[in-house]
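K.L.:
With the input below, show me the fold.
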Amino acid sequence: MSILGLSLSILSIFLSANSPEQADIISETYTIISPSGAYCWFQDPRAIYVEGKFRRTYVGWISSQGKLEVGYYDHDTNEMGSKIIKEFWDVDDHNVLSFLVLPDLRLMIFYARHNKENLYARQTLKPEDITDWGDEIIVARMDKVTYSHPVYLVDEKCFYVFWRGNTWKPTFATSKDGLNWSEPKVLFQDRGKEAENIRPYLKVVSDGKRTIHFTFTDGHPRNEPLNSVYYAVYKEGKFERADGTLIGSMDNLPILPSDCDKVYDAVQTGARAWVWDIALDKKGRPVIVYTQLPEEEKHFYHYVLWDGKQWVDHEITFAGPWFPETPKDKKEPEPHYSAGICINHANSNEVYLSRKRDTTFEMERWVTHDAGKSWSHTPVTQNSTVINVRPIVPWGYNKEKGHLLWMRGHYTHYTQFQTAIFCWIER
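P.N.:
Predicted coordinates for the structure are as follows:
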């Protein structure tokens, strides 16, 4: 379904909906990829940039009608297109897909419904073409699946995909051909009866060659008042801390969180946390952004990196309170939903974040030149009359000019939203 030219018509609707004195500052460099769409932040990558025959950004979303869709923006022609993967996939932003770019530039997607059965995957039939897809396969047969994080390691010629499984724990499977998958295994899990109800939240990044890096929490900050942040890396069948200390191997899973690096210790500060992104710097060392949540209405963005000897943690800025637009006289069910922060994976000194400015949430670019000690920032949106949240820099985009995707509109709950998917490319 082509949506060429949609950005101009939707843009006029956005402008006409506001009086001139209240009109948002919307640059000609903004494009609406989809007038209806949302995603959560625990699938990666949710957006990718692929440069082959075309120069295109691809992104996935769930529409407010519950359609699972994938779309693209062409950087040379400004053309856009989209494809419905599932006509009804539940109205729930947890159900969004994740991408994997295959060596021949065909796209593979992974998707599941929030705490429902099975993890699914499909591949495009042609490189850089989302119009035709192969048959849907079942990667894992499980009663409860949420989120997905696919990886392909060139050195191993092996596919990996990670997700939250039946036991609420990070789980994964492997494949040599992307079609036939191993039996799932739990990756991280504490011992003991109390650990059965704890559900770690996981973020994953890989160098695409031989390493896979993980950051995760004890659980959900709503349930874990001392929610800490952990790190481990996989290399050639073994799991290590950042300094190379051996944690375990594929033969003795699951890995105990207590054996991993504790990147942020909530016990020391008394403030719970939640992870948002993990990337690699130019030397292949991990960089993590997360939120510290000392109070439900006080969220702070933090930037922590491994400098080769230790973890170095710096606060970036105050984010504001939660971003869902809580109905009057209602208690907010997700007070730990920050407006969002992401790392530019091609330049880990640059992050994009949303924070409360005056009456709503605005997008900003923040840059550090001293490993997070100090920051400069510039606005991406200003004077908005609706929220701008959950930024994504498409993975694989490595140009000097800025490029960002985000959700813009109204959001009450992960099952109730009227947001569009916006795209910004610096001119």
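
K.L.:
which residues in the stretch 201-350 of the chain form helices?
P.N.:
In the stretch 201-350 of the chain, the helices defined using DSSP state H, counting those that start in this stretch lie at 266-269.

K.L.:
what about it, any weak spots by pLDDT?
P.N.:
Judged against pLDDT under 70, the stretch 201-350 of the chain has no low-scoring part.

K.L.:
wait, isn't residue 422 in contact with residue 33?
P.N.:
Yes. Proximity of residue 422 to residue 33 meets the contact threshold set by CB atoms under 8 Å, at 7.2 Å. Any C-beta I mention is one placed from the backbone N, CA and C, and that applies to glycine too.

K.L.:
Give me the common contacts of the two.
P.N.:
Common contacts of residue 422 and residue 33, defined by CB atoms under 8 Å, 6 or more residues apart in numbering, comprise residue 405.

K.L.:
So what's the residue count around residue 39?
P.N.:
Using other CB atoms under 10 Å, the number of residues around residue 39 comes to 25.

K.L.:
who are the neighbours in contact with it?
P.N.:
46, 60, 61, 62, 93, 96, 390, 407.

K.L.:
now the strands for the stretch 51-200 of the chain?
P.N.:
55-62, 68-74, 80-86, 98-101, 107-111, 119-126, 129-133, 137-140, 146-153, 158-164, 170-175, 185-186 (DSSP state E, counting those that start in this stretch).

K.L.:
CA-only coordinates of the third one in CSV, if you can.
P.N.:
Output of strand 80-86 as CSV, limited to C-alpha atoms (Å, rounded to 0.1, in the frame of the first residue of the first chain):
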residue,chain,number,x,y,z
MET,A,80,7.1,6.0,1.5
GLY,A,81,5.3,2.6,1.6
SER,A,82,3.9,0.2,4.1
LYS,A,83,2.7,-3.4,4.4
ILE,A,84,0.3,-4.9,6.8
ILE,A,85,1.7,-8.0,8.3
LYS,A,86,-1.2,-8.9,10.5
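
K.L.:
can you give me the angle that strand makes with strand 129-133?
P.N.:
30 degrees (axes from the mean of the first three to the mean of the last three CA atoms, to 10 degrees).

K.L.:
Give me the buried positions along strand 80-86.
P.N.:
80, 81, 82, 83, 85, 86 (16 or more other CB atoms under 10 Å).

K.L.:
Now the strands of the stretch 51-200 of the chain in CSV, please, with extra columns for distance to residue 290 and mean pLDDT.
P.N.:
Converted to CSV, the strands of the stretch 51-200 of the chain look like this (distance: least, CB to CB, whole Å; pLDDT from 0 to 100):
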stretch, distance to residue 290, mean pLDDT
strand 55-62, 23, 98
strand 68-74, 28, 98
strand 80-86, 31, 97
strand 98-101, 20, 98
strand 107-111, 24, 98
strand 119-126, 26, 98
strand 129-133, 32, 97
strand 137-140, 28, 98
strand 146-153, 17, 98
strand 158-164, 18, 98
strand 170-175, 17, 98
strand 185-186, 23, 96
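
K.L.:
Show me what the residue nearest to residue 158 when sequence neighbours are not counted is bridged to.
P.N.:
Distances taken as CB to CB, 6 or more residues apart in numbering put residue 174 closest to residue 158, at 5.7 Å, once the chain neighbours are dropped. Under the criterion DSSP bridges, residue 174 forms beta bridges with residue 160.

K.L.:
Report how many residues lie close to residue 174.
P.N.:
Residues near residue 174, counting by other CB under 10 Å, number 17.

K.L.:
ditto for residue 259
P.N.:
By other CB under 10 Å, the residues close to residue 259 number 15.

K.L.:
so what's residue 237 up against?
P.N.:
With contact taken as CB under 8 Å, 6+ apart, residue 237 is in contact with 249, 250.

K.L.:
From residue 181, how far out is it?
P.N.:
18 Å (CB to CB, to the nearest Å).

K.L.:
again, but for residue 115
P.N.:
Going from residue 115 to residue 181 by CB to CB gives 20 Å.

K.L.:
Between these two, which is the more surrounded one?
P.N.:
Higher neighbour count among residue 115 and residue 181: residue 181, with 21 against 14, using other CB under 10 Å.

K.L.:
what's near enough to touch that one?
P.N.:
139, 140, 159, 161, 173, 174, 175.

K.L.:
tally of neighbours for the fifth one?
P.N.:
The tally of other residues near residue 173 (other CB under 10 Å) stands at 18.

K.L.:
show me what contacts it?
P.N.:
Residues in contact with residue 173 (CB under 8 Å, 6+ apart) are 139, 140, 160, 161, 181, 182, 183, 184, 185.

K.L.:
same question, the first one
P.N.:
By CB under 8 Å, 6+ apart, residue 139 lies in contact with 110, 118, 119, 120, 121, 161, 173, 175, 181.

K.L.:
so what pLDDT did the last one get?
P.N.:
What it means is residue 181. Residue 181 is assigned a pLDDT of 98 by the prediction.

K.L.:
Against residue 140, how distant is it?
P.N.:
From residue 181 across to residue 140, the span is 7 Å (CB to CB).

K.L.:
just the second one next, same as before
P.N.:
According to CB to CB, residue 118 stands 7 Å off from residue 140.

K.L.:
Please identify which of these two sits among more neighbours.
P.N.:
Each of residue 118 and residue 140 has its neighbours counted (other CB under 10 Å); residue 140 has more, 24 against 15.

K.L.:
residue contacts, that one?
P.N.:
Going by CB under 8 Å, 6+ apart, residue 140 touches 118, 119, 163, 165, 171, 173, 181, 184.

K.L.:
at 6 Å what do you get?
P.N.:
The contact partners of residue 140, taken as CB atoms under 6 Å, 6 or more residues apart in numbering, are 119, 173, 184.

K.L.:
Adding distance to residue 155, write those out as TSV.
P.N.:
As requested, the contacts of residue 140 are exported to TSV (distance: CB to CB, whole Å):
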residue	distance to residue 155
119	25
173	19
184	23
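
K.L.:
From those, pick the one nearest residue 147.
P.N.:
residue 119 (9.4 Å; CB to CB).

K.L.:
so the closest one sits right up against residue 112, yeah?
P.N.:
Yes. The criterion here is CB atoms under 6 Å, and residue 119 meets it with residue 112 at 4.8 Å.

K.L.:
Which residues are in contact with each of these two?
P.N.:
In contact with both residue 119 and residue 112: residue 145, using CB under 6 Å, 6+ apart.

K.L.:
before we move on, the earlier item: wait, which of the contacts of residue 140 is closest to residue 243?
P.N.:
Checking those against residue 243 by CB to CB gives residue 173 as the nearest, at 29.0 Å.
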